[in-house]
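>>> predicted model and sequence below, questions to follow.
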Amino acid sequence: MFKHRGVLVFLFVILFYFYSEGVSGKKESRINNNSTNNQKPFFLFMTDIHYDPFYDPTVPASDFCRAQKLKKNKALLESINGQQIEKEFELNRRGAYRHVLRSFDTEPSNSVAMYGRYGCDAPFTLVNSTFNQLKQLTLNNQPDFVIMAGDYNAHHLPNASYSINNIKFVSRLFKNTFPNTMVLPCIGNNDLYPDYYIPFIEDPENGRYTQNWFQSLYEEANWKEWLTEPYQRESFLKGGYYKYEMKKYNNPLHILVLNSMFYSARQWPKINNSKVPDDPSEQFKWLENELRIARDNGITCYIVTHIPATQNSYDNKLLWSPQYQTRFLSIVENYQRTVAAVFFGHLHKDEFINYDPNNNYFIKDYDQWTFDLYTSNYLKRELWSNSYTFSKIYQLNQVNGKSVLDLTRQFETNPHLMTTYFHNMDGLFVADRFKYICEINNPDEASYTSCLQRGSNSGAN
């Protein structure tokens, strides 16, 4: 949902979705306003929070806004092994790392870039503002469920205990904000330690470590508060994936949360002297079985995962290993009348991918919410706005595969419409905004330089 600049540009974009059409494209029966069962699910989607407890507002983005150097250390990462992290977890369970949690509740000083900088991860002030905004937006209309599509953590946290406790802290914010709502957690690449480190379960040397990590997310990060069904616990501890059944309305909805980390092109370590598994943790087998059951019983499914099975426009590389991407897309195609939508994060951009232009399922609509980082830092107050409503800004009667395909064809010949899409994709981000503002209003060197400094203090770098 958010655009990369350097390491990370952090903007929160909040999307509210409304599910609207029934299985096999059949129209709904007439809605009775007095019947809860005939209403449609209303839910909240979030992704890539990247909370950084080490954020320092006085440190520029060139140093990742951290006084301590915590960037990736290749030599250290090469020395990482499952046994070492298991020892660290044992110390954590005995209370040796209780001091870690105390660092999570501190706010940056009310000075420069108090809400964050482009190129850095998110400080507590921005994360806290987001959850406060969520509480206000849903005060009179609680969502039926909340999807958190992964990357709770900042990049390059110093150890495994920080990683787990950081996830626990953000999960607690979800629980406090939505105490009576189902939150659907998903594993992102920064929710592992180190980043992207997830040995295959089938790895005889390191597979046990991954199972222990799933156990830590379930128990220590307290995801067990939401994954309460025995079948959810079983599949999550096996491979980090699970199913949520929403039965509140006439048309049942199953949400299948996948662990895309096994499929990532950056997954490591590889199995020594062995072929990678065709179906890590039997997740594809599970997915096909769940979709088959759903199809046979007229149930609609959403799929949620962190990394999308697509080409990355940022660096023009595949995000999944080719053999896994091919199989996943084949499954989605085979069950195109059952899979209504696939929701993902990771790209830090607000964009859509049309897996099936003939799909008649659709979401009724969604709204994007944006935090103006520059101006909020400059004025030292939080500025949120509803950036757009999808159907209104693109003038669509309904949101489905065909209407989105027609829209993208218009992009080819309508530069104004394409510019609108780019503008929304980046969360209203304009690189060097203050430079252009300063150029307009400050023709002399002294005032221009002073203006640029104010821009820098507002998170420009």
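Right, received. Where do you want to start?
>>> for the longest helix seen in the chain, packing partners?
When the chain is parsed with DSSP state H, its longest helix is helix 160-177. Packing partners of helix 160-177 (3 or more CB pairs under 8 Å, 6 or more residues apart in numbering; DSSP states H and E): helix 82-93, helix 98-102, helix 124-137, strand 182-185, helix 207-219. The way it works is simple: take the backbone N, C-alpha and C, and place the C-beta from them, glycine included.
>>> from the chain's centroid, how far away is that helix?
On the basis of CA atoms, centre = their mean, to the nearest Å, helix 160-177 sits 15 Å off its chain's mean C-alpha point.
>>> quick check: angle from it to helix 124-137?
30 degrees (axes from the mean of the first three to the mean of the last three CA atoms, to 10 degrees).
>>> now helix 160-177: buried residues?
160-171, 173-174, 177 (16 or more other CB atoms under 10 Å).
>>> ok, of these, which one's closest to residue 401?
Residue 401 lies nearest to residue 174 out of the buried residues of helix 160-177, by CB to CB, at 31.1 Å.
>>> quick one: contacts for that closest one?
131, 146, 148, 183 (CB atoms under 8 Å, 6 or more residues apart in numbering).
>>> again, only using 7 Å
When contacts are counted by CB atoms under 7 Å, 6 or more residues apart in numbering, residue 174 touches 146, 148, 183.
>>> which one of the helices and strands packed on helix 160-177 has the lowest average pLDDT?
Here the lowest mean pLDDT among the helices and strands packed on helix 160-177 goes to helix 98-102, at a mean of 43.
>>> what mean pLDDT does the longest strand anywhere in the chain have?
As assigned by DSSP state E, the longest strand anywhere in the chain is strand 362-371. Here strand 362-371 scores 80 as its mean pLDDT.
>>> likewise for stretch 47-58?
Rounded mean pLDDT across stretch 47-58 is 93.
>>> the strands in this structure, which residues?
13-19, 42-46, 145-148, 182-185, 242-246, 253-257, 300-304, 311-312, 317-318, 339-343, 362-371, 384-389, 399-400.
>>> now those in CSV, with mean neighbour count and distance to residue 202?
Shown next, in CSV, are these (neighbours: other CB atoms under 10 Å; distance: least, CB to CB, whole Å):
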stretch, mean neighbour count, distance to residue 202
strand 13-19, 21, 36
strand 42-46, 21, 32
strand 145-148, 23, 28
strand 182-185, 22, 24
strand 242-246, 19, 20
strand 253-257, 23, 21
strand 300-304, 24, 23
strand 311-312, 15, 27
strand 317-318, 12, 22
strand 339-343, 22, 26
strand 362-371, 20, 37
strand 384-389, 15, 44
strand 399-400, 22, 39
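>>> mean pLDDT lowest for which of those strands?
Lowest mean pLDDT of the strands of the chain: strand 13-19, a mean of 43.
>>> and residue 58, how many neighbours?
Using other CB atoms under 10 Å, the number of residues around residue 58 comes to 12.
>>> excluding chain neighbours, what is closest to it?
residue 112 (6.3 Å; CB to CB, 6 or more residues apart in numbering).
>>> what distance do you get for that neighbour to residue 248?
To residue 248, residue 112 is 47 Å away according to CB to CB, to the nearest Å.
>>> these two: which has the busier surroundings?
A direct count of neighbours by other CB under 10 Å for residue 112 and residue 248 places residue 112 higher, at 20 against 12.
>>> okay, the longest helix of the chain in PDB with CA atoms only?
What follows is helix 160-177, C-alpha atoms only, in PDB (Å, rounded to 0.1, in the frame of the first residue of the first chain):
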ATOM      1  CA  ALA A 160      14.400 -12.300  18.000                       C
ATOM      2  CA  SER A 161      13.000 -11.200  21.300                       C
ATOM      3  CA  TYR A 162      12.600  -7.600  20.100                       C
ATOM      4  CA  SER A 163      10.800  -8.900  17.000                       C
ATOM      5  CA  ILE A 164       8.300 -11.000  19.000                       C
ATOM      6  CA  ASN A 165       7.700  -8.400  21.600                       C
ATOM      7  CA  ASN A 166       7.300  -5.700  19.000                       C
ATOM      8  CA  ILE A 167       4.600  -7.800  17.300                       C
ATOM      9  CA  LYS A 168       3.000  -8.400  20.700                       C
ATOM     10  CA  PHE A 169       2.900  -4.700  21.300                       C
ATOM     11  CA  VAL A 170       1.200  -3.800  18.000                       C
ATOM     12  CA  SER A 171      -1.200  -6.800  18.400                       C
ATOM     13  CA  ARG A 172      -2.200  -5.300  21.800                       C
ATOM     14  CA  LEU A 173      -3.000  -2.000  20.100                       C
ATOM     15  CA  PHE A 174      -5.300  -3.900  17.800                       C
ATOM     16  CA  LYS A 175      -6.900  -5.700  20.700                       C
ATOM     17  CA  ASN A 176      -7.400  -2.400  22.700                       C
ATOM     18  CA  THR A 177      -8.900  -0.600  19.700                       C
END
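>>> hang on, isn't residue 123 packed against residue 50?
No: contact criterion CB atoms under 7 Å: residue 123 and residue 50 do not qualify, at 10.3 Å.
>>> now do the phi/psi pair for the residue lying closest to residue 266 once chain neighbours are set aside.
Computed as CB to CB, 6+ apart, the closest residue to residue 266 that is not its neighbour in sequence is residue 196, at 4.6 Å. Dihedral pair for residue 196: phi 70, psi 0, per degrees, to the nearest 10.
>>> give the contact list for residue 55.
By CB under 7 Å, 6+ apart, the neighbours of residue 55 are 65, 108, 120-121, 123.
>>> which of those residues scores worst on pLDDT?
residue 108 (44).
>>> hmm, back to that, ok, the residue nearest to residue 266 - contacts?
Contacts of residue 196 by CB under 7 Å, 6+ apart are 189, 264, 266-268.
>>> in ChimeraX, how would I select the buried members of the residues you listed?
To isolate in ChimeraX the members of the contacts of residue 196 that are buried, counting by 16+ other CB under 10 Å, one can use:
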select :189,264,267
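>>> what's the most distant pair in the buried residues of helix 160-177?
Farthest pair in these (CB to CB) is 160 and 177. Separation: 26.5 Å.
>>> wait, residue 244 sits on residue 184?
Yes: if you go by CB under 7 Å, residue 244 and residue 184 touch, sitting 5.7 Å apart.
>>> need the overlap of contacts for the two.
residue 255.
>>> spatially central residue for the chain, please.
Nearest residue to the geometric centre of the chain (CA atoms, centre = their mean): residue 47, 2.2 Å.
>>> measure that residue to residue 450 for me?
For residue 47 relative to residue 450 (CB to CB), the value is 38 Å.
>>> one step back: as TSV, the contacts of residue 55 with neighbour count and distance to residue 388 would be great.
Converted to TSV, the contacts of residue 55 look like this (neighbours: other CB atoms under 10 Å; distance: CB to CB, whole Å):
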residue	neighbour count	distance to residue 388
65	27	29
108	19	30
120	30	26
121	29	26
123	27	26
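>>> having no further points to raise, I will conclude here.
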